[in-house]
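Starting from these lines, generate the structure:
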Amino acid sequence: MQTRKCMNQVSDANSKGAKPNAKKGEATKMSDSKACNLKTASILQLQCKDKRSSYDSSERIASPDFSCAQNASCPQGRLSDEQGGSVSSGLNTFNDRKQSKLRRCSISDTKISSTSQMAKREDVVISSTSTVAPKIIDAPVFYPTTQEFQDPISYIESIRERVQPYGICKVVPPKTWRPECKLNDDMRFTTDIQYVHRFFNRWGPNVSKLACIRKHLQSQEIFLESSPLVGGCELDLAQFSTVMAQFGGLQQVIDKNKWSKVADTLRIPKAAQDRMAKLQDAYCKYLLSYDMLPKEEKERLQQEVTNECEDMRQRWVKLHTDNTDSALEDSSVDEDDEDDMDFYNECMLRGKSMSLSAFYRIARNVSNTCFRKEPTTQEVEHEYWKLVDERLIHTAVHTSIVDTKTLGRHGWNLTTVPSNHHNILRYLGSMSGVTAPWLLVGMLFTTSCWSCDSHKLPSIEYLHTGADKIWYSIPQSEHVKFRKAMHSLVPDLCSEGLCWLEKDAAMVPPSALLAEGVSLCRVEQKSGQFLVTFSGSYVANICCGYSVAEAVYFATLQWLPVGQVAMQTLRQQCKETLFSIEKLLVLLGMSEVDRGNAKILSWVLPEITQVRDTELELRSRLRHVGLTAAGRYGWSEEGHSRRQGKKVPTDTLERQCEKCDYPCYLSMVVEEQENDVYCLQHALEYIRDKKSCQGLKFMYRYDEEQIQDLVNRIELVVTCTQDDQHTKNKVASKTSVANAASQP
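Below is the predicted model of the structure:
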């Protein structure tokens, strides 16, 4: 029945004068002159094609000298096996390209201290003004002892100053440590679909041909929202069309019963259910009429698609890089245009809900599609960057972030990190995505693109089970050059300001960064190992197969000034924040001032003083423009003290400002008719535009006296402690002088 249906379609098309373009043994190819002339594609060709360095000749250097580290112990032999393996393997990709002229630098000989068993390696300092060739650097690896491993944040703080310049480090736990991770195969979650071939450049040969097929189908009122699935994997329609032409077209495939060979050529696993029947259905529905178009018609489609692509690209760039109201109005799109814009410009779309067992089956099929046998980490890395750079094969993979908890109460079980006494985020309580760990489920080629956490929060990730992960980071000394390189290589995906690179936007190959003069770090994370990402680091990672990892944020006192700046930057750029920095400072100050903890309060004082000054100034300005209606929120009478009228703050969910999405913890202005909420800064702008305070009400959690009293108490604790210390030092100095004078 299926064969007869396809033959009828061929006969009908021929009777209308359609001329099949695909002859036996002839592949359908796109003319280079018709390729999309996108700005990003031009930059890639001009700047990367001839300069692309092969990874075999990429220069690698050693990590810094850890001989002064008290807690960087590693048993002899383990470091050389781990690090030496990563260096010797290298990044063996693009061997067919022009050989790099970069000098090779190998890891220095490993020496072990007899007293501390610490790794001594060549210390190479990368300077932003250095004229040496760019390099790929081994990220530091640490092997803590059982005693050092008890407190994760304390251990990380002990190595932070020496490791933070690299952005990341790997921590290998003692052999005696065995965590538990029990997952239910029926656990369900919603995935994201990542299109690997679009990570570097949204437009390429495969996407171009798929766009032509899609546009042709739309003319026949067939709307291709997503590629058909075979074995849970998206079918590469562009390659499918080419393969059918190579086999002589539909007639030849049917007559000679070559569907099985077609499926094998497309690398569709034999275990995929009804793979040949699904291929026949997909071809007849989506490709048959397109493949039978005359050459001239295909060229016309290609030109139309190229023009549409450029138009959609410009509109997408304006919509995503210009946050002004006028830009948003000018770039408004209807639902159909939004779908087209996503097709041309997005590399990740929302997937569907599935169980963990279903995810594993898809992961297995994806791996079988790309590799005939279990690949090595180096083979995965080679194939990944080949897909990203050439953009010839449609590659769709799934990933998911799941809120969950693991078992056990050891300090390095990430469910206990939020409550660690060094972690100041514990004052926020339980917050999804902040103080609650999340599970990362990935498969072959699942990617975390180049990004820097917008809150500048450090994080810990533990790889519970599955294949390795390859991590890259940009050393701090290379951040300026990295930003310049990204603006040059993927200008449409970068914006201005501190938050200039969106998450999951671009995956630029290391070879392209090396060609732009940017050095980077690399490390392989294996099952049972930790990966620590430090504040302000630009990182990316690639999954080498099915894996389950767990990650969580943390923050120490040293993060406070950095976090304050990061939060204000997000607020100014109207980007959503995970929590209110004012809430963290107030709760931290209130908790520690009663304990008289001067060490913590000395870090809090300058930040909370700035918060007080800003808050009181804005409240004064609101009163000055005539806003007098006020009320209180977030407080209730304490049960045992109602007679005294004592009130305590309640843990209510902060509402977000309509303009900047910032959580309004200390205060807000409510437009009562529409129930809209504004932070004080944007409330002033609202009043200025409306020239009236009518319908507005100022709401506050703490009055001005309470805010000032909290700051005064913190100042008192810090000042008294400093005075006591000064007195002790003076007494000690006098005692020392007296003892010296009494000496004969």
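
pLDDT below threshold where in the stretch 201-350 of the chain?
Regions of the stretch 201-350 of the chain meeting the criterion pLDDT under 70 cover residues 320-344.

try 90 this time
Across the stretch 201-350 of the chain, the ranges flagged by pLDDT under 90 are 202-203, 223-226, 269-273, 306-347.

try the stretch 51-200 of the chain
51-135, 149-150, 162, 175-187.

Backbone dihedrals for Phe530, both of them.
Backbone torsions of Phe530, given as degrees, to the nearest 10, read phi -100, psi 150.

does it really touch Trp177, like I thought?
No: Phe530 is beyond contact range of Trp177, at 10.5 Å (criterion: Cβ atoms under 8 Å). C-beta coordinates here come from the backbone N, C-alpha and C atoms, glycine included.

Who has more neighbours out of the two?
The neighbour comparison of Phe530 against Trp177 (other Cβ atoms under 10 Å) goes to Phe530, with 20 against 13.

Return the distance of that one relative to Pro173.
Distance from Phe530 to Pro173, counting by Cβ to Cβ, to the nearest Å: 7 Å.

packing partners for the helix or strand harbouring Glu615?
For Glu615, the element it lies in under DSSP states H and E is helix 598-624. Applying 3 or more Cβ pairs under 8 Å, 6 or more residues apart in numbering; DSSP states H and E, one finds that helix 598-624 makes contact with helix 559-572, helix 581-593, strand 667-671, helix 680-690, strand 696-700, helix 704-742.

any idea how far the nearest residue to Val317 once chain neighbours are set aside is from Glu346?
Excluding its sequence neighbours, the residue lying closest to Val317 (Cβ to Cβ, 6 or more residues apart in numbering) is Asp492, at 5.0 Å. Computed with Cβ to Cβ, the distance linking Asp492 and Glu346 is 12 Å.

Over to His398?
Counting by Cβ to Cβ, the gap from His398 to Glu346 is 15 Å.

which one of the two has more residues nearby?
Each of His398 and Glu346 has its neighbours counted (other Cβ under 10 Å); His398 has more, 22 against 15.

re the thing from before, mutual contacts of Asp492 and Glu346, please.
Counting by Cβ atoms under 8 Å, 6 or more residues apart in numbering, the residues touching both Asp492 and Glu346 are Arg202.

residues touching the residue nearest to Gln564 when sequence neighbours are not counted, list them.
The shortest distance from Gln564 to any non-neighbouring residue, by Cβ to Cβ, 6+ apart, is to Glu607 (5.3 Å). Glu607 makes contact with 560-561, 564, 581, 585, according to Cβ under 8 Å, 6+ apart.

And Val518, by the same measure?
Val518 is in contact with 134, 474, 478, 481-482, 485, counting by Cβ under 8 Å, 6+ apart.

same question, Cys657
Applying Cβ under 8 Å, 6+ apart to Cys657 gives the contacts 664, 668, 677-679, 682.

Low-confidence stretches in the stretch 601-744 of the chain?
633-655, 674, 720-744.

my read is Val548 is in a strand, agree?
Yes: residue state for Val548 (DSSP: H, G, I helix; E, B strand; the rest coil) corresponds to a strand.

Is it correct that it is in contact with Trp438?
No: if you go by Cβ under 8 Å, Val548 and Trp438 don't touch, sitting 11.6 Å apart.

Please give the number of neighbouring residues around Gln220.
Neighbour tally, Gln220, other Cβ under 10 Å: 9.

Pull the number of nearby residues for the closest residue to it other than its chain neighbours.
The shortest distance from Gln220 to any residue other than its chain neighbours is 6.7 Å, reached at Ser289 (Cβ to Cβ, 6+ apart). Counted with other Cβ under 10 Å, residues neighbouring Ser289 total 19.

how about Ser289, secondary structure?
Assigned by three-state DSSP, the conformation of Ser289 is helix.

Use 675 as the first number from now on
All set: I'll call the first residue 675, so the last point we hit is now Ser963.

mind exporting the host helix or strand of Tyr829 as PDB, just the C-alpha atoms?
Following DSSP H and E, one finds Tyr829 within helix 826-837. Provided in PDB are the C-alpha atoms of helix 826-837 (Å, rounded to 0.1, in the frame of the first residue of the first chain):
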ATOM      1  CA  PRO A 826      33.800  21.300  50.800                       C
ATOM      2  CA  ILE A 827      33.500  25.100  51.000                       C
ATOM      3  CA  SER A 828      36.400  25.400  53.500                       C
ATOM      4  CA  TYR A 829      38.500  23.300  51.100                       C
ATOM      5  CA  ILE A 830      37.600  25.300  48.100                       C
ATOM      6  CA  GLU A 831      38.400  28.600  49.900                       C
ATOM      7  CA  SER A 832      41.800  27.200  50.800                       C
ATOM      8  CA  ILE A 833      42.700  26.900  47.100                       C
ATOM      9  CA  ARG A 834      40.600  29.700  45.600                       C
ATOM     10  CA  GLU A 835      43.200  32.400  45.300                       C
ATOM     11  CA  ARG A 836      45.600  30.200  43.300                       C
ATOM     12  CA  VAL A 837      42.900  28.400  41.200                       C
END
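
Distance from that helix to the middle of the chain?
23 Å (Cα atoms, centre = their mean, to the nearest Å).

In it, which residues are buried?
Residues of helix 826-837 classed as buried by neighbour count (16 or more other Cβ atoms under 10 Å): 826-827, 829-830, 832-834, 836-837.

Kindly indicate which of the residues you listed lies nearest Lys889.
Comparing the buried residues of helix 826-837 against Lys889 with Cβ to Cβ places Val837 closest, at 51.2 Å.

how much space is there between that closest one and Ala813?
In this view, Val837 and Ala813 are 9 Å apart by Cβ to Cβ.

Need the overlap of contacts for these two.
Residues touching both Val837 and Ala813 (Cβ under 8 Å, 6+ apart): Cys843.

which residues in the stretch 975-1124 of the chain form helices?
For the stretch 975-1124 of the chain, the helices defined by DSSP state H, counting those that start in this stretch occupy 999-1004, 1009-1019, 1030-1044, 1051-1064.

Give me the buried stretch members for stretch 948-961, please.
Judged by neighbour count (16+ other Cβ under 10 Å), stretch 948-961 contains these buried residues: 949-950, 952-958, 960-961.

need those in a markdown table with distance to Asp1178 and secondary structure, can you?
Output for these, formatted as a markdown table (distance: Cβ to Cβ, whole Å; DSSP: H, G, I helix; E, B strand; the rest coil):
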| residue | distance to Asp1178 | secondary structure |
| --- | --- | --- |
| Arg949 | 31 | helix |
| Met950 | 35 | helix |
| Lys952 | 30 | helix |
| Leu953 | 31 | helix |
| Gln954 | 36 | helix |
| Asp955 | 33 | helix |
| Ala956 | 29 | helix |
| Tyr957 | 33 | helix |
| Cys958 | 35 | helix |
| Tyr960 | 28 | helix |
| Leu961 | 30 | helix |
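
and which of those residues is nearest to Asn1215?
Asn1215 lies nearest to Arg949 out of the buried residues of stretch 948-961, by Cβ to Cβ, at 31.7 Å.

residues contacting that closest one?
904-905, 937, 942-943.

how about 6 Å then?
If you count contacts by Cβ atoms under 6 Å, 6 or more residues apart in numbering, Arg949 has them with 904, 937, 942.

With neighbour count, distance to Cys1331 and secondary structure as new columns, can the residues you listed be given to me in JSON lines?
What follows is the contacts of Arg949, written out as JSON lines (neighbours: other Cβ atoms under 10 Å; distance: Cβ to Cβ, whole Å; DSSP: H, G, I helix; E, B strand; the rest coil):
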{"residue": "Val904", "neighbour count": "26", "distance to Cys1331": "47", "secondary structure": "strand"}
{"residue": "Ala937", "neighbour count": "19", "distance to Cys1331": "54", "secondary structure": "helix"}
{"residue": "Ile942", "neighbour count": "24", "distance to Cys1331": "50", "secondary structure": "coil"}
